[in-house]
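In: Here's a sequence, model it:
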Amino acid sequence: MKILFIAALGTLSLIQAPSALAENLNGKTLYVQRCAVCHGAEIKGTGPLANKSNPPTPDLTTAAFKKRLKDYPGVIVSSVILRPNGDLIPKTLKENGVKIAPYAWRVKDFRDLNQYMSDVILKNR
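Out: You can find the predicted model right below:
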């Protein structure tokens, strides 16, 4: 009976792994394609365009940002991306000749991106 139970748990973990991996891959893909140019691979504000925006791109691994990311998952990410009253990101990209195609963001994308960033931040402790 124990062996059957352990085998069932193992099977369930295999079934759930691809879903979690897919979400993480979506978050990573979005980050690499849309965010890393300014924030850098380590999310520390060290990308090629980090110092070309005004204000400069922030380090997202700071204690204050970690707390905001934890307290308001997805909200921080979406509020920056969908910034209704400013065009800092598009302006910085345009001024530096970087073209990133428009993207139809979904709630799942914000969650995946938030999870990916949280994972990177945890690894950099």
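In: Please make it C-alpha for all contacts and neighbour counts, starting now.
Out: Will do.
In: Contact partners for the closest residue to P58 other than its chain neighbours?
Out: Using CA to CA, 6 or more residues apart in numbering and skipping residues adjacent in sequence, the residue nearest P58 is G45, 5.1 Å away. Neighbour list for G45: C38, H39, T57, P58, D59, L60 [criterion: CA atoms under 8 Å, 6 or more residues apart in numbering].
In: Would you mind listing which of the residues you listed are buried?
Out: C38, H39, T57, P58, D59, L60 (16 or more other CA atoms under 10 Å).
In: so the second one makes contact with T57?
Out: Yes. In this structure H39 lies within contact range of T57 using CA atoms under 8 Å: 6.4 Å.
In: quick one: common contacting residues for the two?
Out: Joint contacts of H39 and T57 (CA under 8 Å, 6+ apart) are G45, T46, A50.
In: residue closest to the middle of this structure?
Out: L113 (3.1 Å; CA atoms, centre = their mean).
In: I'd like the distance from it to G40, if you could.
Out: 14 Å (CA to CA, to the nearest Å).
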